[in-house]
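Participant: Generate coordinates for the sequence data below:
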Amino acid sequence: MAESTATAAATEIVVVQRPRRADAARNFDALLAAAREAFAENGADASLEDIARRAGVGIGTLYRNFPTRRHLFESVYAEEVNALGKVAVDLAADPPWQALTAWLRRFVEYSVTKRAIRDALNGESDIFLACRDSLYEAGGPLLLRAQQAGEAREDMSFDDLVRMVSGITSTAFPDEGQRDRVLAIALDGVRARP
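Facilitator: Reported below is the predicted structural model:
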């Protein structure tokens, strides 16, 4: 499966910002990883100083790469969407149902970070539209393939599936085990019945 133009558009959001020098690119990537972790743990209020510390760089390096908190939010969000696109490509050769459910489990992990960032940006970012299109371009074919193989019900769209899984991830669970059980129950409803 070739990378789609929508996925490429989401990729460009981060690629354009990534420094060309190897040491600067390493710092940029470390900041994205640290920010993703901090946002997942502490939400949108995560301290920029903590993010810089986690990345092993000074606060000045953070601001050179991400002049505002908003730049950092948007970059982390776009990088997460880019990772989901790569996962879809990597899963394309797997059996249809296995590929779809593996991608959805990765989508659940992404949703934790997305929620913190979405709340911080109040949905007022053009990047959200480009990233939404990239998500649908990445995951949509996995559902279609599972439907064509007779493994997923045909009376649902990818939008239905994303909304269902997003609803699950927007609920607070006491632990990941319960969240995974609820997701498994929901995915059982997605399976085609003989």
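
Participant: For stretch 94-109, buried residues please.
Facilitator: Neighbour counts over stretch 94-109 (16 or more other C-beta atoms under 10 Å) mark 96-97, 99-104, 106-109 as buried. Where you see a C-beta, it was placed from the backbone N, CA and C, and this is true even at glycine.

Participant: what's the neighbour count on S157?
Facilitator: 12 (other C-beta atoms under 10 Å).

Participant: Could you measure from it over to Y110?
Facilitator: Separation of S157 from Y110 (C-beta to C-beta, to the nearest Å): 20 Å.

Participant: got the buried residues of stretch 94-109 as CSV, with pLDDT and secondary structure columns?
Facilitator: Formatted as CSV, the buried residues of stretch 94-109 follow (pLDDT from 0 to 100; DSSP: H, G, I helix; E, B strand; the rest coil):
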residue, pLDDT, secondary structure
P96, 97, helix
W97, 96, helix
A99, 96, helix
L100, 96, helix
T101, 95, helix
A102, 95, helix
W103, 95, helix
L104, 93, helix
R106, 90, helix
F107, 90, helix
V108, 87, helix
E109, 80, helix
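
Participant: Let's have these in JSON lines, adding distance to E74.
Facilitator: Listed next are the buried residues of stretch 94-109 as JSON lines, based on distance: C-beta to C-beta, whole Å:
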{"residue": "P96", "distance to E74": "33"}
{"residue": "W97", "distance to E74": "34"}
{"residue": "A99", "distance to E74": "29"}
{"residue": "L100", "distance to E74": "28"}
{"residue": "T101", "distance to E74": "29"}
{"residue": "A102", "distance to E74": "27"}
{"residue": "W103", "distance to E74": "23"}
{"residue": "L104", "distance to E74": "24"}
{"residue": "R106", "distance to E74": "20"}
{"residue": "F107", "distance to E74": "19"}
{"residue": "V108", "distance to E74": "22"}
{"residue": "E109", "distance to E74": "19"}
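
Participant: which sections of the chain are below the confidence cut-off?
Facilitator: Scanning the chain for pLDDT under 70 picks out the ranges 1-19, 112-113, 115-116, 118-125.

Participant: what about the strands in it?
Facilitator: Counting by DSSP state E, the chain has no strands at all.

Participant: What are the boundaries of the helices in it?
Facilitator: Assigned by DSSP state H, the helices in the chain fall at 5-15, 22-42, 48-55, 59-65, 69-91, 96-121, 126-148, 158-169, 176-190.

Participant: Deepest-packed of those, please.
Facilitator: For the helices of the chain, average neighbour numbers computed from mean count of other C-beta atoms under 10 Å are highest in helix 69-91, which has a mean of 21.

Participant: Which strands and helices lie in contact with it?
Facilitator: Contacts defined by 3 or more C-beta pairs under 8 Å, 6 or more residues apart in numbering; DSSP states H and E place helix 69-91 against helix 5-15, helix 22-42, helix 48-55, helix 96-121, helix 126-148.
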